[in-house]
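Enquirer: Dropping a prediction and its sequence here:
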Amino acid sequence: MVVVCLLLTEFDRYERHIYEEMAKMPPFQRKTLVLIGAQGVGRRSLKNRLIDINPQCFGTTVPSGRPTSTPN
Ligand SMILES: Nc1ncnc2c1ncn2[C@@H]1O[C@H](COP(=O)(O)OP(=O)(O)OP(=O)(O)O)[C@@H](O)[C@H]1O
């Protein structure tokens, strides 16, 4: 019983780090393109290239809770 209590205490200490709060979002108006690949394979370069050549068609996500970036 003591072991179980100790384990639960340890679990409680880390509980807030094992999940991320989710919220229901309205449907996206645009189609979503997901770029998947190993680290350093060139996802960011491809994403930036797509946005550069056709900004009307491609955009990127803005992390929630952070201020929007201003154009350079
Ligand atoms: N088509 C390509 N040919 C050669 N090198 C490339 C190509 N695309 C990207 N690179 C180079 O590969 C490196 C990693 O590119 P990039 O940062 O776009 O990859 P990433 O998958 O987004 O990486 P990370 O996972 O670190 O964010 C950069 O130095 C970039 O210049």
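Expert: Here it is on my side, so go on.
Enquirer: C-alpha from now on. contacts and neighbour counts both.
Expert: OK.
Enquirer: quick one: contacts for Gln37?
Expert: In this structure residue 37 is Gly, not Gln. Counting by Cα atoms under 8 Å, 6 or more residues apart in numbering, Gly37 touches Arg43.
Enquirer: ignore the last one, Cys57
Expert: Contacts of Cys57 were listed using Cα under 8 Å, 6+ apart, and they are Ile51.
Enquirer: Let me see the confidence value for it.
Expert: pLDDT recorded at Cys57 is 90.
Enquirer: try Asn48
Expert: 96.
Enquirer: Burial check on it, number of neighbours?
Expert: Residues near Asn48, counting by other Cα atoms under 10 Å, number 14.
Enquirer: Likewise for Gln29?
Expert: 6.
Enquirer: Where does it sit, in terms of helix or strand?
Expert: For Gln29, there is no host helix or strand (DSSP states H and E).
Enquirer: Contact residues of the chain facing the ligand?
Expert: 39-45 (Cα under 6 Å from any ligand atom).
Enquirer: From the residues you listed, which land in helices?
Expert: Within the residues of the chain next to the ligand, residues falling in helices by DSSP state H are 43-45.
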